[in-house]
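Participant: Just the structure for this:
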Amino acid sequence: MKRCSKYGAKPTQCDGVRFASKTEAKRYGELQLLERARQIAGLAVHPRYALSVAGAMVGHYTPDFSYREHGREIVEDVKGVRTRDYIFRAKIFRACYPAIELREIGA
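Facilitator: I've put the predicted structure just below:
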């Protein structure tokens, strides 16, 4: 029996990369077009950022995408539902990496 996502997201494969939802895969296609048009650079899928508080490692944050836009580092997360865990990790990420802009893309 095939498992369904708790929030109804349909896992999708694109360019050999597994995305948690069709919306996330669609955004990947849009970002690829922006990179080809040289609007953004250095597109990375599912980068991993260490989260440490007061010198102690408390976990990791893995957003959907990261890239540079006009010289500034951007991290994006495609969200259909903002879970309590996501909100908590996003707050810690923003505190640990204040120079990186975190953008939430809604479904």
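Participant: wait, is residue 82 part of a strand?
Facilitator: No. Residue assignment for residue 82, taken from DSSP: H, G, I helix; E, B strand; the rest coil, gives coil, which places it outside any strand.
Participant: what's the spacing between it and residue 104?
Facilitator: 7 Å (CB to CB, to the nearest Å). Backbone N, C-alpha and C define where each C-beta goes, glycine included.
Participant: count of residues packed around residue 12?
Facilitator: Residues near residue 12, counting by other CB atoms under 10 Å, number 16.
Participant: Report pLDDT for it.
Facilitator: In this model, residue 12 is scored at 77, pLDDT.
Participant: Was I right to think it contacts residue 28?
Facilitator: No. Judged on CB atoms under 8 Å, residue 12 makes no contact with residue 28 at a distance of 9.3 Å.
Participant: quick one: the longest helix along the chain to chain centroid distance?
Facilitator: If each helix of the chain is counted by residues according to DSSP state H, the longest one is helix 22-36. Per CA atoms, centre = their mean, to the nearest Å, the displacement of helix 22-36 from the mean C-alpha position of its chain is 12 Å.
Participant: so after that helix, what's the next helix or strand?
Facilitator: Following helix 22-36 in sequence order, the next helix or strand is strand 41-45 (DSSP states H and E).
Participant: Quick check: neighbours of that following strand in the sheet, parallel or antiparallel?
Facilitator: Paired with strand 41-45 in the same sheet, following DSSP bridges, are strand 65-69 (antiparallel).
Participant: Export the partner strand to CSV, keeping only CA atoms.
Facilitator: Taking only C-alpha atoms (Å, rounded to 0.1, in the frame of the first residue of the first chain), the coordinates of strand 65-69 have been written out as CSV:
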residue,chain,number,x,y,z
PHE,A,65,17.1,26.0,-2.5
SER,A,66,19.9,28.5,-2.1
TYR,A,67,21.4,30.9,-4.7
ARG,A,68,22.9,34.4,-5.1
GLU,A,69,20.8,37.2,-6.4
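Participant: what residues does it touch?
Facilitator: Residues from elsewhere that reach strand 65-69 (CB atoms under 8 Å, 6 or more residues apart in numbering): 27-28, 31, 35, 39-47, 73-76, 100.
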